[in-house]
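# need the 3D shape of this:
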Amino acid sequence: MKTGSGFIRALSVCLTVGMLTSCDASQSPVGPAGAMPQSVSVGGHSAHARSWMLPEAKSDDLLYLSDRGNNSGLGSDVLVYSYPKAKLVGTLIGFASPAGMCTDGNGDVWITNFDGGTIVEYAHGGTEPISTLKVPNIFPQGCSIDRTSGNLAVVGYGPEKPNVPGRILVYAGATGTPQVYRVRFGETSFCGYDNKGNLFIDGFGYYEKPSFAFGEIPKGGATFKRISLRHSIGYPGPVQWDGKYVAVGADDSNYINRYAIRGDRAVQVGGNIVLDGMYVNAAWIHGSKVIVTDRGNSISQVLLYDYPAGGQPVRTIGNLDEQSGVTVSLAPHK
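Numbers count the residues shown, from 1 in each chain. Model (predicted):
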């Protein structure tokens, strides 16, 4: 069984883009990211037998990290930190491989449950799900919320078989039964809505050449349309609207690119945003910073970079077992 974009490596996102988005990822909260301590140690899995959250979490901006935990032998958790201070304030448990994440305008966090075939919603700082949606016929990987309509998009991995189309699922108002869009390539990996309600998706084909695919479902559109990036990306990474452009990461490389969409082609804006790290597995753009989970080294890191400058990480937030998603949730009424 295929287990997702970064999952295929031995050390093993979508910013859900996300980034990154999107389907990493996915939305771009406004406001500066702020400063972090030079190095903040984020510990492993909670010893608590149930989800927990400090009372202060509800009034803090929060950083959510999904950690599959395979290296420790413990369960799969979502770890929650204050942002930007990166103090551990909670842990959500009970997942079957949490993957990509995205947030809505209220600060609610949606978490794809990769092996569970669901996507689960939590209120900002909450410990119990407030909504659970079934995700049929795919292993959900990435998600994104359309801030113009409240629609929820989910992408993921299906059977590794020829001539089986990939799927994009859109839940109107983030509820009910999804509308299914089929694509002419094998799998959808990450997705992200822009500020006008257009949904951008990347993915790959098992047998297509080239294997990387990118495209859009325009707002109100009935079908997916391919978009040419005219740029080589080997393996899809997080997709996210950064406030001006569509940002696309490469899960087999260390860069993010920004694109202006012109009909059926994407025009790169500026050069590659090179991040000093091995792979952009998942990412979340927050103002002038981008938070990246990197599984390309011997340890799994959470890194903070200036955006769109890139370069050396300005902070190493910490190490986890096996990360697969990141998002920032702003405290309501801030």
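# what's the neighbour count on Gly173?
10 (other CB atoms under 10 Å). Bear in mind the C-beta positions are built from the backbone N, C-alpha and C, glycine included.
# how close does it sit to Val135?
Gly173 sits 16 Å away from Val135, going by CB to CB, to the nearest Å.
# ditto for Ser76
17 Å.
# also Leu92?
Counting by CB to CB, the gap from Leu92 to Val135 is 18 Å.
# and these two? Which one has more around it.
Remark: of Leu92 and Val135, Leu92 carries more neighbours, 26 against 23, as counted by other CB under 10 Å.
# partner residues bridging the residue lying closest to the more buried one once chain neighbours are set aside?
Excluding its sequence neighbours, the residue lying closest to Leu92 (CB to CB, 6 or more residues apart in numbering) is Val78, at 4.1 Å. Beta-bridge pairing for Val78 (DSSP bridges): Ser66, Leu92.
# looks to me like Glu56 is in a helix.
Yes - Glu56 forms part of a helix when assessed by DSSP: H, G, I helix; E, B strand; the rest coil.
# and the nearest residue to Pro218 once chain neighbours are set aside, how far is that from Ile273?
Nearest residue to Pro218, sequence neighbours excluded (CB to CB, 6+ apart): Asn198, at 5.3 Å. The spacing between Asn198 and Ile273, counted by CB to CB, is 22 Å.
# now the closest residue to Glu56 other than its chain neighbours: which helix or strand?
Distances taken as CB to CB, 6+ apart place Val89 nearest to Glu56, at 6.4 Å, with adjacent residues excluded. Following DSSP states H and E, one finds Val89 within strand 88-92.
# quick check: Ile201 touching Val239?
Yes - the criterion here is CB atoms under 8 Å, and Ile201 meets it with Val239 at 6.9 Å.
# so these two - more neighbours on which side?
Per other CB under 10 Å, whichever of Ile201 and Val239 has more neighbours is Val239, with 38 against 29.
# which residues does that one bridge with?
Val248.
# next one, pLDDT for it please.
Looking at Val239, its pLDDT stands at 97.
# could you measure it against Leu303, distance?
19 Å.
# and Val280, by the same measure?
In terms of CB to CB, Val280 sits 10 Å off from Leu303.
# got any residues that touch both of the two?
Val292, Asp294 (CB atoms under 8 Å, 6 or more residues apart in numbering).
# these two: who's more crowded?
Taking neighbours as other CB under 10 Å, Val280 and Leu303 compare with Val280 leading, 33 against 21.
# the more buried one: what's it in contact with?
19-20, 237-238, 249-251, 253-256, 292, 294.
# among those, which ones are in helices?
Taking DSSP state H, every one of the contacts of Val280 sits outside helices.
# how about the helices in the stretch 201-334 of the chain?
Using DSSP state H, counting those that start in this stretch, no helices are found in the stretch 201-334 of the chain.
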